[in-house]
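Turn this into a model:
(chains A and B)
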Amino acid sequence: MINKLINKGFFTLSFVVLVSAGPLFAAEEKPIKEVSEDDYIGDVPRVLTVSRLSQSIADAPSAVTVIDKETIRASGIVDLPEIFRLVPGFYVGTNAGFVHNTNHVVSYHGMTTAYAGSMQVLVNGRSVYSPLYGGVQWSELPIAIADIDRIEITRGPNAASYGANSFFGVINIITQSPSDQVGASLSATYGNGRHEAFARYGAKQNDLSYRVTAGYRDDDGLDNRYDFKRTRLLNAQMDYRVDDKNNLEFELGLVNGDREDDQSLGRTRYFEPRVRSIENNYELIRWRHNVSDSSDLSLQAYHSFDRTKDVINSVNLVGLLPFATLLTPTLQVNNDIEMERYDVEAQHNFSISPILRGVWGASIRQDIMYSPYYLGTQNTDTFNLQRLFGHIEWRPIERVVLNMGAMLENNSFTDTDISPRASINFKLNPNQTIRFGISTALRTPNYLEDKFNTNIEVKTTSTPLQAQYIRGNSNLNPERIISKEIGYLGDFGKFSLDARVFYDNIHDYIKSDIDRTTPLLAVTSSGYVLIKQPTVYTNAGDVNVKGFEAQAKWHATKDTHLLFNYAYVNINADGNQTADTITMSMPRDTISALLTHRFSSEWDASYAYYQTSEVTALGDGNYVGLARRSDIRLARKFKAERISGEVSAVVENLFNEHYQEFADYNTLKRRARLNVRLDF
Amino acid sequence: MVEKSILLFRLDRKSWVNSLMKSLLACVMLVFGLFAPFVAHAYTGVTIVMSVQTPANLEFVDQFNAELAKNKQINLRVNVITLPDTEKLVVAENSELVIALGVKALEAASKLRRSTPVLGVFTPLPAFNSVMAKNRRELGNFSAIVLDQPFSRQMALIKHVLPEAQKIGVLLGTTSSQYLEYVREGGEKRGLNILEEKVNQEADLIPQLKKLLDTADAILAIPDPTIYSRETAQPILLTSYRYQKPIFGYSQSYVRAGALAAVYSTSKQLAKQAAEIAIKSRQASSELPPPQMPKYFSIMLNYQVARSLNIPLMDEDELLKKMLESDAPEAM
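Presented below is the predicted three-dimensional model:
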């Protein structure tokens, strides 16, 4: 009896003890998962596989700037290209150009034109570089700034990894993984000349996660220009984990909207301002396969389609062309454009040993172009591209990293070329690296330079007139850049520095000239009276770009961060050989800084400063003087039971300096915006 | 205090815990002495129970046999049984030491007559505790070599890999939050500050991880079913990687998946320790030592991740040697 009592008593005690010990015992009532040996011995799917592990900046063959979403948020930007003001050596111009379209220009190290084509731009590995005029139609990208995870900018040619047109640099925009954006979010912006609304929904179900973002942007443009932009966009991304070794990713994007343009800006007005309608879409599928611990395979295919509906109306030409009797006083040009792209790429990342790893792959692409006005034919034109690329990283001894790579490329315009690169990094110690690099890249001529045959015919009672705008040159060679650099990276805990000196040499610069062989008002061989001489393109001369650039980050405290950039760029070329103002096509000095401070878990503020010295952009651009701009942003986060969010206010150009950007027709004034974001 | 001692007494050797345990043991002995008269028989054989024949389990058996042979204990016969589907074990209950490989096998073994000495291997400490409670087994003849590595050892690894690290983040769920005190203690010994964030539900996981990553120099993963699982490996590893901060894992597979390093024990190492216990306690089977953490260990480093994070790593063997020099023998 006594035994039994003791026995019972002890077990009761141990029972109580263990129940109060927490969830272990609760497992009996509610099936909570418990740690088992499987957690220690069982398999975990490989996440950071060879292809996901990027090179450390200290091992990379070129200078790399990474802008994360916190920096994007703190900068207060509303147009994506504005963020590149925070990258050393970049020049960003609002509303550049007017002939083909009106978009931001983003250029690096000069040759700034409205359609600056010297940089490769990728969104999640998909090239958004336009083959028509070159450059990127920034406002037409189906992407919401809030969905961006980070932007990696390679400063310096990187053809060996990204192919031709990775001329001066590469911008790689990477969106957040859908599994990181579960829940719904609404965001609305109201400000001077700017209204936006975005909605996002993301969900995760077992092995499937997806995100859908829809938005509307209304940009009134600048005061004195015909340049409004209305954009509707939809973007969807889906990740499906098939099993531990296979992942499928899908992307889809749609954009449509209206663009106002004025082709006759600042010139004799032959044409009325007009509204174009734009639309584009893309679909992408990517299969990632983890072959083994040391090897990954990915296969990606995408299709994109881009259409512009555009009717250009002339003004009454009677008084402007007094020497002829016109059949009709006005004329109309149909400038519909359709571009389509198919692209398939395979890539294999591997690691042979801890000191040797690499990547190689191949891609094929076809661009189909229909542009009767620009190309001067109703026929569609196709542009084919095949590439083979490889890159290895070798660490013969602990403190030395060698990078070598090459891209072999064949395309319909310029046939076959190879662009190699090599660099060596010396690690002085774990915190400091010195890099010596030499890299080459090509810039394939775009349709404008190679294929355009743009004329306008004016019917008269006698010999018809012809204005010849552009005559492409199918014998062009690609521009070739050889870039040499010495870079330094230092990381001292709270302070880090990335600096480099560079010397870029560009051969076969593609120069534009007015062809004056047929005098004005003479009769051309095809029987027209010439009323405008065409712009033609030729390979001519060399351009040298040298300079220095640095990026410093200082984490003064946990809550106060400073980012500071400086670049000095000096362009040397014979203006007669290349372009009159080519040496002025990049500001000599550019400075940008972003100071952020967190006052509390709710309040934070940031201050951005941008300064560019005088610059004369090529093409549609012209001289603009020293520009200084300060932006501030103040934000308050809030959190209620089910809803959290942020209210923020941004003032751009705080001191209201009426400065010009890209050309004298773009005068910037102070603008303020208020944004409210709700997450639930 | 009492509850903690039951759950976590093996993690340190505070004297009050020991004395408490001794009194508890005495109590157990007393109970069994009166209730179950066959306790103190020396055993003549070892039965190794496993639920499935995994390579790890088979390797354990091989090495266990080899260790016995090495110690000239050939007369100790070793029986290996795979858990029958009924989960009802049949062993010679009074003359055998039962070594249970894995939680399921331990669960089955715990249902044997209470006088049968049972040693769990491949069992995490919380699971051991819960099996012991559920089947009302007592210490003394119910013990384990748990899978949990001492925190001081894990901190030593962190300090060797990241000499400049000061702040280590840990995510704590319902299971692992009970370890906080011990993690802190382990960190203190190595001059590491422990920052913790609680994760009560899956939805908090990534936000809380990001909070940690904002300030911590590295993350130490402590097994917890609400935090570390096959499903969460991808978001956890990718998020930390985006912050360019390393994760210290607790298994080889987590290192393969993308953690920077981990301390773990191989089947062979656990077999060696189990053989030592079997030999030592042979003469008095009622006195299995209290549950202990692995005595022998290995480390695994992920050089690819280290390179990508620009963390210089020394050779695995060299680092292990350094750790062994400073690893305080964990006498349990």
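
Report whether the helix or strand where residue A:348 lies contacts chain B.
Per DSSP states H and E: residue A:348 is located in strand A:337-353. Yes. Contact check for strand A:337-353 against chain B, using Cβ under 8 Å from any Cβ of the partner chain: residues in range are residue A:351. In short, each C-beta sits where N, CA and C put it, glycine included.

which parts of that strand are buried?
Residues of strand A:337-353 classed as buried: A:337, A:339-341, A:343, A:345, A:347-351 (neighbour count, 16 or more other Cβ atoms under 10 Å in any protein chain shown).

all strands of the stretch 101-250 of chain A, in order?
Remark: strands assigned in the stretch 101-250 of chain A by DSSP state E, counting those that start in this stretch are A:103-108, A:119-123, A:126-127, A:148-155, A:169-175, A:183-191, A:194-205, A:208-219, A:229-243, A:246-261.

and the residue in the stretch 451-600 of chain A positioned nearest to chain B, which of the three is it?
Proximity of the stretch 451-600 of chain A to chain B (Cβ to the nearest Cβ) peaks at residue A:558, 6.7 Å away. Here residue A:558 is recorded as coil under DSSP: H, G, I helix; E, B strand; the rest coil.

What is the burial count for it?
Neighbourhood size, residue A:558 [other Cβ atoms under 10 Å in any protein chain shown]: 9.

Quick check: the gap between the residue nearest to it when sequence neighbours are not counted and residue B:79.
Leaving aside its sequence neighbours, residue A:558 sits nearest to residue B:215 (Cβ to Cβ, 6 or more residues apart in numbering or on different chains; 6.7 Å). Distance of residue B:215 to residue B:79, given as Cβ to Cβ, to the nearest Å: 53 Å.

so what's the closest residue to chain A within chain B up against?
Proximity to chain A, evaluated over chain B using Cβ to the nearest Cβ, is greatest for residue B:258 at 3.0 Å. Applying Cβ atoms under 8 Å, 6 or more residues apart in numbering or on different chains to residue B:258 gives the contacts A:46-49, A:52, B:233, B:237, B:241, B:247, B:302, B:305.

possible to save these as JSON lines with pLDDT?
Shown next, in JSON lines, are those (pLDDT from 0 to 100):
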{"residue": "A:46", "pLDDT": "81"}
{"residue": "A:47", "pLDDT": "81"}
{"residue": "A:48", "pLDDT": "80"}
{"residue": "A:49", "pLDDT": "77"}
{"residue": "A:52", "pLDDT": "77"}
{"residue": "B:233", "pLDDT": "90"}
{"residue": "B:237", "pLDDT": "94"}
{"residue": "B:241", "pLDDT": "92"}
{"residue": "B:247", "pLDDT": "97"}
{"residue": "B:302", "pLDDT": "93"}
{"residue": "B:305", "pLDDT": "92"}
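
Pick out the most distant pair among those residues.
Using Cβ to Cβ, these span at most 15.3 Å, a distance reached by A:49 and B:247.

Name the residue in these two with the higher neighbour count.
Legend: neighbour count by other Cβ under 10 Å for residue A:49 and residue B:247, higher for residue B:247 (29 against 26).

Pairing partners for that one in the sheet, please.
Residue B:247 forms beta bridges with residue B:219, as assigned by DSSP bridges.

Residue A:150 pairs with what?
For residue A:150, the beta-bridge partners under DSSP bridges are residue A:68, residue A:174.

and the chain, what are its domains?
Picked chain A for this. Taking automatic domain parsing as the criterion, chain A consists of the domains A:1-42, A:43-679.

I was after chain B.
According to automatic domain parsing, chain B comprises the domains B:2-147+B:268-280, B:151-264+B:297-326.

Compare the ones you listed and give me the one nearest residue A:498.
For the domains of chain B, proximity to residue A:498 was assessed by Cβ to Cβ; domain B:151-264+B:297-326 is nearest, at 13.1 Å.

What ranges in chain B fall below the confidence cut-off?
By pLDDT under 70, the weakly predicted segments of chain B are B:1-42, B:85-89, B:92-94, B:284-286, B:328-332.

can you pull out the helices in it?
Shown for chain B, the helices assigned by DSSP state H span residues B:2-8, B:15-35, B:55-70, B:103-109, B:125-134, B:151-161, B:180-189, B:205-215, B:230-242, B:252-257, B:267-280, B:303-308, B:316-326.

ok, the fourth one near chain A or not?
Yes. Interface with chain A: helix B:103-109 contributes residue B:103 (Cβ under 8 Å from any Cβ).

Next: the last one.
No. With Cβ under 8 Å from any Cβ as the threshold, helix B:316-326 lies outside contact range of chain A, at a closest distance of 10.5 Å.

Identify all contacting residues around that helix.
Residues outside helix B:316-326 that contact it (Cβ under 8 Å, 6+ apart): B:153, B:156-157, B:160-161, B:298-301, B:313.

okay, those in CSV with neighbour count and distance to chain A next?
Below are these laid out as CSV (neighbours: other Cβ atoms under 10 Å in any protein chain shown; distance: Cβ to the nearest Cβ, whole Å):
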residue, neighbour count, distance to chain A
B:153, 19, 15
B:156, 24, 19
B:157, 24, 16
B:160, 19, 14
B:161, 21, 12
B:298, 17, 13
B:299, 23, 14
B:300, 19, 12
B:301, 22, 10
B:313, 20, 9
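
and of those residues, the nearest to residue A:441?
Distance to residue A:441, by Cβ to Cβ, is smallest for residue B:313 among the contacts of helix B:316-326, at 34.1 Å.

which residues in the stretch 401-550 of chain A form strands?
A:415-429, A:432-443, A:453-458, A:465-471, A:479-492, A:495-507, A:510-514, A:529-532, A:535-539, A:543-555.

Residue numbers of the stretch 451-600 of chain A in contact with chain B?
Within the stretch 451-600 of chain A, the residues that sit near chain B (Cβ under 8 Å from any Cβ) are A:493, A:558.

again with the stretch 101-250 of chain A
A:149-150, A:177, A:179-180, A:182, A:241.

so how far is residue A:449 from the nearest residue to residue A:513 once chain neighbours are set aside?
Closest residue in space to residue A:513, ignoring its immediate chain neighbours: residue A:536 at 5.7 Å, by Cβ to Cβ, 6+ apart. Computed as Cβ to Cβ, the residue A:536 to residue A:449 distance reads 9 Å.

the more surrounded of those two?
Legend: neighbour count by other Cβ under 10 Å for residue A:536 and residue A:449, higher for residue A:449 (27 against 19).

and that one, what is it in contact with?
The contact partners of residue A:449, by Cβ under 8 Å, 6+ apart, come to A:472-473, A:476, A:510, A:537.

so what's the closest residue in space to residue A:603 that isn't next to it in sequence bridging to?
Nearest non-adjacent residue to residue A:603, counting by Cβ to Cβ, 6+ apart: residue A:636, 5.4 Å away. Using DSSP bridges, the beta-bridge partners of residue A:636 come out as residue A:603, residue A:647.

pretty sure residue A:636 is in contact with residue A:602, am I right?
Yes. Using Cβ atoms under 8 Å, residue A:636 is in contact with residue A:602, at 5.4 Å.

And the residue nearest the centre of the chain?
Because you didn't say which chain, this covers chain A. residue A:121 (4.3 Å; Cα atoms, centre = their mean).

my bad, chain B
Geometric centre of chain B, nearest residue: residue B:147, 1.9 Å, by Cα atoms, centre = their mean.
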